[in-house]
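Student: Predicted model follows, preceded by the sequence.
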Amino acid sequence: EDDDDGVAPDLLAGGAQGLDEVPAEGEPGNRPQSKQELNKIRESLGNTQQLCAHFYRDRSLRDDLLLVSTASRPTMAEYQQTLLDQKTQESALEFQTRRATGSWYKTVMKTLNLIHDPRALRRFGTTISPSAPVVTDDDPRAATQWFCSERRKLDDFWSLLTEIASARVWSQIQFATCVPNTLVAALHANSAVANESLQEQRRTWAAVLHTEKLLANQKLEPGIHESLLNLMNDMAWNRLQVARETFLVCQRG
């Protein structure tokens, strides 16, 4: 993998010609804060290439761009693979069965694991020294500028990784946990995967029906009743008619 930022030297050297005011390195205040401000800078430059070079002269911004591009690599790779599969005539059914059985979860784990990947950390300038002792908060080195800077970048990187992973999970989890979306897993090409998914759905329905009976029982303590009721209200899909009907069909089958 490339460890540099991929910026051509000649682009950096002459990209901001004709611009009187260049953002000072590490000063976000000089960066555009709105689309209108960005358009003003664009109008003062000859083309998009020079606009990019203008911002690339801000080293801290380059570091942020590398951080974002590194964190989003697994998600981008999954997206590109999805487009490729569609071009090779992957059926909608195949896509849905893979999604229902959690194929996207690998991307989530790859994203979070980047915090331990030396190649990923090097891309945005983090010092890698596995054999070095841990620097505690009371260590004099913890107050040095370079250490604080790298710790900030690591904190930002981890926050970004968790945000991306969380967004990916929330966008896909309904297809892997909510009936009737999950039933498409029964048509998975791998019969073992299909059977495992159906067994999991059977256990889920058993828990749902048991909880519904408990809620109908007036003998529950008020606190327990409220907690279970809130849980079922959040889940919600068990009240859909199509979910109940598919359950009955599967039960008869």
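Tutor: Structure received. Computed from a prediction, not measured in an experiment: that's the story for all the values here. Numbers count the residues shown, from 1 in each chain.

Student: domain parsing for the protein?
Tutor: What automatic domain parsing lists as the domains of the chain is 9-57, 70-177, 181-252.

Student: per-residue confidence averaged over the shortest one?
Tutor: Right, domain 9-57. Regarding domain 9-57, the rounded mean pLDDT is 67.

Student: before we move on, back to that, using a markdown table, lay out the domains of the chain together with mean neighbour count and distance to residue 63.
Tutor: All C-beta atoms are positioned from the backbone trio N, CA, C, and that covers glycine. Output for the domains of the chain, formatted as a markdown table (neighbours: other CB atoms under 10 Å; distance: least, CB to CB, whole Å):
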| stretch | mean neighbour count | distance to residue 63 |
| --- | --- | --- |
| domain 9-57 | 13 | 10 |
| domain 70-177 | 14 | 5 |
| domain 181-252 | 13 | 40 |
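
Student: Enumerate every residue touching the closest residue in space to residue 123 that isn't next to it in sequence.
Tutor: Counting by CB to CB, 6 or more residues apart in numbering, residue 123 lies nearest to residue 70, which is 4.8 Å off, once chain neighbours are set aside. The contact partners of residue 70, taken as CB atoms under 8 Å, 6 or more residues apart in numbering, are 114, 120, 123-124, 157.

Student: can you list the residues you listed in JSON lines and add distance to residue 205, secondary structure and pLDDT?
Tutor: What follows is the contacts of residue 70, written out as JSON lines (distance: CB to CB, whole Å; DSSP: H, G, I helix; E, B strand; the rest coil; pLDDT from 0 to 100):
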{"residue": "114", "distance to residue 205": "37", "secondary structure": "helix", "pLDDT": "96"}
{"residue": "120", "distance to residue 205": "41", "secondary structure": "helix", "pLDDT": "92"}
{"residue": "123", "distance to residue 205": "46", "secondary structure": "helix", "pLDDT": "88"}
{"residue": "124", "distance to residue 205": "46", "secondary structure": "coil", "pLDDT": "83"}
{"residue": "157", "distance to residue 205": "41", "secondary structure": "helix", "pLDDT": "95"}
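
Student: now, among those, which is nearest to residue 201?
Tutor: Using CB to CB, residue 114 is the member of the contacts of residue 70 that sits closest to residue 201, with 32.3 Å.

Student: Check whether the closest one really touches residue 160, as I assumed.
Tutor: No: in this structure residue 114 lies outside contact range of residue 160 using CB atoms under 8 Å: 9.6 Å.

Student: rewinding a little: and the residue nearest to residue 123, how close does it get to residue 118?
Tutor: Computed as CB to CB, to the nearest Å, the residue 70 to residue 118 distance reads 12 Å.

Student: cool, and residue 136?
Tutor: Distance of residue 136 to residue 118, given as CB to CB: 22 Å.

Student: for stretch 96-107, what is the average pLDDT?
Tutor: 92.

Student: how far does that stretch sit from the chain's center?
Tutor: Mean-position distance between stretch 96-107 and its chain equals 14 Å (CA atoms, centre = their mean, to the nearest Å).

Student: ditto for stretch 158-166
Tutor: 6 Å.

Student: now do stretch 231-242
Tutor: 26 Å.

Student: How far does it stretch from one end to the other?
Tutor: In stretch 231-242, first residue to last residue: 20 Å (CA to CA, to the nearest Å).

Student: Same question for stretch 114-121.
Tutor: 8 Å.

Student: ok, and what's touching it?
Tutor: 1, 3, 70-71, 73-74, 128, 130, 154, 157-158, 161.

Student: which one of those sits closest to residue 194?
Tutor: If you rank the contacts of stretch 114-121 by distance to residue 194 using CB to CB, residue 74 comes first, at 26.1 Å.

Student: who are the neighbours in contact with that closest one?
Tutor: 107, 110-111, 114.
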